[in-house]
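[1] coordinates only, sequence not included:
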């Protein structure tokens, strides 16, 4: 089993920055890919960014490219999402995810979520 704990959410104004962190514990050697999803009220859940642990290949949804950056510290089992130039449409609950097999399919593990609110 793997446990994921997010931190770093909060409230900022448009154009501001936040950095989310996800600390993984447990059987972390089983993790193939980690990333972040988000879900805004009344909207479908959306994959924001993913990183393949072995070679650090990254994926970003088009709406965050150039603004969000993923980084990982495998020694510390930590994943960070740096979010710059935030927009009101980035407001959502952000979830850290991990998969044992894929970056674009089923996620075996989910964190509890952290709220990001961007005001105009």
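    Received it, and whenever you're ready, just let me know what you need. A quick note: this is a predicted structure, and the numbers were derived from the prediction, not measured.

[2] in this protein, what helix or strand scores lowest on average pLDDT?
    Least confident helix or strand, the chain: strand 68-73 with a mean of 94, by mean pLDDT, DSSP states H and E.

[3] state the mean pLDDT of the helix or strand just after it.
    Counting by DSSP states H and E, the next helix or strand C-terminal to strand 68-73 is strand 78-83. Averaging pLDDT along strand 78-83 yields 97.

[4] could you list the buried residues of strand 78-83?
    Across strand 78-83, burial judged by 16 or more other CB atoms under 10 Å covers 79, 81, 83. C-beta here means a position set from N, CA and C on the backbone, and glycine is covered the same way.

[5] same check, this time on stretch 69-89
    So for stretch 69-89, counting by 16+ other CB under 10 Å, buried means 70, 72, 77, 79, 81, 83, 86.

[6] stretch 11-20 too?
    By neighbour count with 16+ other CB under 10 Å, stretch 11-20 contains the buried residues 12, 18, 20.

[7] bridging residues for the residue most central in space within the chain?
    By CA atoms, centre = their mean, the chain has its centre lying nearest to residue 36, at 2.4 Å. Residue 36 forms beta bridges with residue 49, residue 96, as assigned by DSSP bridges.

[8] confirm for me that it is in contact with residue 92.
    No: at 10.1 Å, residue 36 does not count as touching residue 92 under the criterion of CB atoms under 8 Å.

[9] hang on, the earlier thing: present the buried residues of stretch 69-89 as CSV; the columns should include distance to residue 100.
    Output for the buried residues of stretch 69-89, formatted as CSV (distance: CB to CB, whole Å):
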residue, distance to residue 100
70, 19
72, 16
77, 15
79, 15
81, 21
83, 26
86, 31
